[in-house]
Each structure stands twice: as C-alpha cells, then as structure tokens.
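Undergrad: Quick one: sequence and predicted model below, then my questions.
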Amino acid sequence: MKGDGSGVETANVKMAMNPFCEIAVEEAIRLKEAGKATEVVAVTLGAAANQDILRTALAMGADRAILVETTEEAQPLGIAKTLKALAARESPGLIILGKQAIDGDNNQTGQMLAALLGWPQGTFASKVAIGDGRVDVTREIDGGLETVSLRLPAVVTTDLRLNEPRYVKLPSIMQARKKPLETLKPADLGVDLAPRFRVLKVEEPAARKGGKKVASVQELVDKLRNERKVI
Amino acid sequence: MSVLVVAEHDNASLKAATLPVVTAARQLGGGISVLIAGRNCGGAAAAAAKIAGIDKVLVADADHYEHALAEELAPLIARESAGATHVLAPATTFGKNVLPRAAALLDVAQISDVVKIISTDTFVRPIYAGNALATVQSSDKIKVLTIRTTGFDAAPADGGSAPTGKIEPTPAAAVSTFVGQELTKSERPELTTARIIISGGRGLGSKENFKLVETIADKLGAAVGASRAAVDAGYVPNDYQVGQTGKIVAPELYIAIGISGAIQHLAGMKDSKVIVAINKDGEAPIFEIADYGLVADLFQALPELSAALDQK
C-alpha cells in the first residue's frame, strides 16, 4: 500500500503475465497445434515493459505480438475499445482473454469487447470446442457447468480449469526474440482511453483478530455452542 | 434518481442473490424498478413484486430470454437503462456475465463487486483479492454496478406489492444458443446464502474422504464448500469453490477443514462471522484469521466432531 493511500505500490515490482491470460495464450496455441487456428497473435495494452510479457507469450508459441503502448492506467472499457480496434485490423476468428486480472479483479473486458464487436461471448470457460463456424464453450457458473454454442467470430474468457499452461523452455525464449513484436500507440488506433472513474483512495481492510487455538474437539464444540451460539 | 435492478432468477423463482442488490438500490435512494427477463417467468415476476421497498417490476417475456444469454439480455438492459441513473445486478456469474456487456452498449464503465455505497457516485470495492479496498468515484451519467451480495443484508422477500408491467422484448440476437447444463444437485443450502459452511481442502486427500465433511454438513444443516486445490484435484465439482475467483461467502460460521489458507481462498471467506480451522499443520496461514483453530489430524478430529454434534 502506498503511504498516501493513493494506491498499491507497483514501482520496482517485477510484473508477470496474469494467470488467466496465460491460460488464454495456452488455449490459443493448443487450437493452432490442433489445426483449428492458423495464427496466434498475442496483444496487450500498457507500458513498454509489457514487451516482456508478450515475449513470454511468443516463447509459449504465439506467432507474433502487438503492444499498444501507453503509460496511462487504462480502464476495462478503454481496453475493450483498444482490442476492438485491433480486431478490426487483424480480423481474428476467435479472441480469448483471461476472465479477470488478479490485481483489479474487474472481470469486464471480454464481455465489453464482445458487446462492442457485436460478437457472442463464452465467459469463464472450462472447455472450448471449435466446430464448423461455431464454438461450443463450457462455462463455470454458480450452480455448476453450462454449455453454450456461439457463432464465430466470438469472444471467450478463460476460467482456471481450461488448461494448464506449459513451461517455457530456454530455446523457446531464444526463438521468441526473433518473432515480430509491433508497437502501436492508442492514437494510431483512434481509441479514447479517457478514464470514467477515479480512485479516491485505497486502504487496507480492517484486520481480523484470529489466532486463538482450542485444545480439543470438545472445547471447540463447547465454544461454538455456548460462547458464540452458532450451532 | 432512478435505479434499475437486474434480477437473477430461474423463470419460476427469484434467486436469493437479488435481495441484497435491492438493499444496495435502496441505499442509493430514488425509485427502484426490478427487471425480470425470461421465458414463462411469471413465477419470478410475482416473487419480485413482493420484495419490500421496490416501486415496480418490469417483465420481458420471450423465448430468447429463457437461458439468460448475455447476447439477448444486454440490449434489453441497455434499452431499459436509458432513463435510469443506476443499473445494478448481483456479482454472481449471472451478473458478471451480463452486466459488463450492457455497460459497454451504454458506453459507460462498470464498477464491479461493490461492497459499500458512499454516495450516489462513490463506491467501495475490493481489489487484489480483497487485500485492499478501493474507493472509486464514477463520472458516467449512468452508474453500472455489480453488487457483492455479502456486502449488503437481504431485502425482505415479503411485504411489498409492487405493480408489474409487461415490456416489449428486444429482437433476438440469435448469435448464441444454450446447449445444456450440469447443475450440482444437492439437498443442502446454497453456498452463497447458507448460515453455516464447512469447506474441505487438499488435506482431505480424496473424493471419498470428502464424505467426512458432508456428514458433518448434514448434521449442522450446512453448505459444503472447497478450496481451489480440492476442486482441481477432482474431489468436488467447480461450483464448490470458495475464493477470489470462485464464490464469495460470509456465513455466520465457516469451518475450514484441511485448508492451508492461500490468500485466494481467504479472499472468499474472511468476512465470515466466526471462522474455525482444523489442520494438522499448526503453521498454516488459515489459523491467523481463525477465531478457533484446532491443530489436529482431520481424520481423527472429524469423526470426533461428528460424534460430539450428536450429543446435545
């Protein structure tokens, strides 16, 4: 936490790819390996340092990468607009994203992108099956699993159990350095990243006072029954 | 001020997650309309009309709304939001799927997982798996919010008699179809509304051993949850998962069995009123937040607990 309560300290913190996005990259590469896709393009939006993240995607097996470089902190709607502009340039048959970033925990960008493109969406995917002009997506929902069939092109967001991303080996990292990585500016895409909300403060939640131990099951049941009256 | 609440329902009945959203809507002030979009959804609409404190129920009944597909619901929500200042839905997989799509159609941001309303444009939401709370101020003309249901008390499901009006369905988008569902069938309470939850982790070791947890759940009338590790290992289905990316729960009593307490799990349960942890590793981080920790082998402790619950 920053001392002035304005946010979380990220200076000098080594950034890694968001775990849900790693799953998205892995799924795209598997589709290519299965002959269902011809090319995998990894894209992201952010500071120049994000080239490292894209190099990881290239080392995993993506064919090329695009960084939309900005030092502004983009919000989900702005990111979705950027991705829409990239989709217009690249005409992908399928866009796969992580369902949420584990810092902002927003869980919005894929849904917003699908809306802006007018494409169907398969969110929180645990299984993706490409068919003829359609994709069947099994989704993790509150009550269990649900399968939807989407017309292609479509947007998919990944849940945890879609796949296990591969480990990147050293030769792949060397190879990835030679793969194309293009850098664009939001202005090149004509995208408006103006923020729609601002963070007034960031604070730590009230700490929980735990740490008490009981010696036996009998003591535990006694506390729950007679002291806390919860059972 | 005019608030549109997008209700979660299964056509026949209203989901409990809708009720805390109404409470959040009432804190904003102004008129509250509850939108029921479904197929043959008269049951859900009738239940919505009884919620205390709402002003009207809008019912859109059409074949293409039957399975709450985001492609069909989002245009309807966007249309009905035109005159609203706020649009709210629960931060469940239903709301998380549908509402950002509607927000993008309206060209406005969404504020996800709101746990507190400060004013009509300022809200508190957890970030970093609940390790920080951000206060955010929206500058959009329509504020689109998903509401974390554990952050607000449920509005009374009875006592109201709001008028119900049919609204014209939006045309079918017809770009997606519902294929099927595999819902976990259980006689036990739902995780997100249960008064008591007992969750198991990797320490259980197998699907069979999870029965030890289920036995105790049934004696307590509790719901059964799990850590990600237990779900990944295949001990229980995905919808049991409690945590940052699973379900967020805050019951009266949460009992964690064989769960070490990764921050992603704690993010989903640390607002529970009373937390109990049973784990053989006395150093497990779960003990730091537990009100009552028992360092014990769960294969001895659970049968003992089961027997102790039988003695009144």
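TA: Structure's in. What do you need? Numbers count the residues shown, from 1 in each chain, chains lettered A, B, ... in the order given.
Undergrad: drop to CA atoms for contacts and neighbour counts, all remaining ones
TA: OK.
Undergrad: Let me see the ranges of the strands in chain A.
TA: With DSSP state E, the ranges of strands along chain A come out as A:41-46, A:64-69, A:94-98, A:121-130, A:134-141, A:144-151, A:154-158, A:181-184, A:197-203.
Undergrad: should've said the stretch 151-300 of chain B
TA: Per DSSP state E, counting those that start in this stretch, the stretch 151-300 of chain B carries strands over the ranges B:164-166, B:176-183, B:196-200, B:223-226, B:253-257, B:274-279, B:292-295.
Undergrad: Any idea which of the strands of chain A gets closest to A:Gln75?
TA: Among the strands of chain A, the nearest to A:Gln75 by CA to CA is strand A:197-203 (8.5 Å).
Undergrad: Just list the residues touching the most centrally placed residue in chain A, thanks.
TA: Of all residues in chain A, the one closest to the mean position by CA atoms, centre = their mean is A:Gly98, 2.7 Å from it. By CA atoms under 8 Å, 6 or more residues apart in numbering or on different chains, A:Gly98 lies in contact with A:18-24, A:110, A:157-159.
Undergrad: Name whatever forms a beta bridge with it.
TA: Residues in a beta bridge with A:Gly98, per DSSP bridges, are A:Thr158.
Undergrad: Quick check: which ranges of chain A have low pLDDT?
TA: Applying pLDDT under 70 to chain A flags no residue at all.
Undergrad: so how many other residues sit close to A:Asp222?
TA: A:Asp222: 15 surrounding residues under other CA atoms under 10 Å in any protein chain shown.
Undergrad: got it, and B:Gly159?
TA: 11.
Undergrad: so what's it scoring on pLDDT?
TA: Looking at B:Gly159, its pLDDT stands at 96.
Undergrad: tell me the contacts of it?
TA: For B:Gly159, the contact set (CA under 8 Å, 6+ apart) comprises B:50-52.
Undergrad: What residues does the stretch 201-312 of chain B have near chain A?
TA: B:220, B:232, B:237-239, B:247, B:252-253, B:270, B:287-295, B:301, B:304-305, B:308-309 (CA under 8 Å from any CA of the partner chain).
Undergrad: so where does B:Ala301 fall, helix or strand?
TA: Using DSSP states H and E, B:Ala301 sits in helix B:298-310.
Undergrad: ugh, typo on my part, it should be B:Pro20
TA: Using DSSP H and E, B:Pro20 maps to helix B:18-28.
Undergrad: Now pLDDT too, for the contacts of B:Gly159, in a markdown table please.
TA: Output for the contacts of B:Gly159, formatted as a markdown table (pLDDT from 0 to 100):
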| residue | pLDDT |
| --- | --- |
| B:Lys50 | 98 |
| B:Ile51 | 98 |
| B:Ala52 | 97 |
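Undergrad: Just the buried ones from those?
TA: Among the contacts of B:Gly159, those buried by neighbour count (16 or more other CA atoms under 10 Å in any protein chain shown) are B:50-52.
Undergrad: the helices in the stretch 151-300 of chain B, which residues?
TA: Remark: helices assigned in the stretch 151-300 of chain B by DSSP state H, counting those that start in this stretch are B:210-220, B:228-232, B:263-269, B:286-289, B:298-310.
Undergrad: and of these, who's closest to A:Ala207?
TA: helix B:286-289 (8.8 Å).
Undergrad: now for the closest one, which elements pack on it?
TA: Using 3 or more CA pairs under 8 Å, 6 or more residues apart in numbering or on different chains; DSSP states H and E, the elements in contact with helix B:286-289 are strand B:274-279.
Undergrad: Mean confidence (pLDDT) on the strand it packs on, please.
TA: Here strand B:274-279 scores 98 as its mean pLDDT.
Undergrad: Output that strand as CSV, nothing but the C-alphas.
TA: Taking C-alpha atoms only, strand B:274-279 is exported to CSV below (Å, rounded to 0.1, in the frame of the first residue of the first chain):
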residue,chain,number,x,y,z
VAL,B,274,-17.0,-17.0,13.1
ILE,B,275,-14.1,-18.9,11.4
VAL,B,276,-13.0,-22.4,12.6
ALA,B,277,-9.9,-24.1,11.2
ILE,B,278,-8.9,-27.7,11.6
ASN,B,279,-5.5,-28.5,10.1
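Undergrad: Starting from it, tell me which strands it pairs with and how they run.
TA: Strand pairing for strand B:274-279, determined by DSSP bridges: strand B:253-257 (parallel), strand B:292-295 (parallel).
Undergrad: how about the ones you listed in TSV, adding mean neighbour count and mean pLDDT?
TA: Converted to TSV, the strands paired with strand B:274-279 look like this (neighbours: other CA atoms under 10 Å in any protein chain shown; pLDDT from 0 to 100):
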stretch	mean neighbour count	mean pLDDT
strand B:253-257	26	98
strand B:292-295	24	98
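Undergrad: would JSON lines of those with distance to B:Arg188 be doable?
TA: Listed next are the strands paired with strand B:274-279 as JSON lines, based on distance: least, CA to CA, whole Å:
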{"stretch": "strand B:253-257", "distance to B:Arg188": "15"}
{"stretch": "strand B:292-295", "distance to B:Arg188": "24"}
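Undergrad: Tally up the residues packed near the nearest residue to B:Ile259 once chain neighbours are set aside, please.
TA: In space, and not counting its chain neighbours, B:Ile259 is closest to B:Gly201: 4.5 Å by CA to CA, 6 or more residues apart in numbering or on different chains. B:Gly201: 25 surrounding residues under other CA under 10 Å.
Undergrad: could you list every residue that touches the nearest residue to B:Glu304 once chain neighbours are set aside?
TA: Once flanking residues are discounted, B:Glu304 sits nearest to A:Val217: 6.6 Å by CA to CA, 6+ apart. Contact analysis of A:Val217 by CA under 8 Å, 6+ apart lists B:294, B:301, B:304-305, B:308.
Undergrad: For these, which entry has the maximal number of neighbours?
TA: B:Leu294 (25 neighbours).
Undergrad: Please verify my assumption that it contacts A:Glu219.
TA: No: counting by CA atoms under 8 Å, B:Leu294 sits too far from A:Glu219 to count as a contact (9.6 Å).
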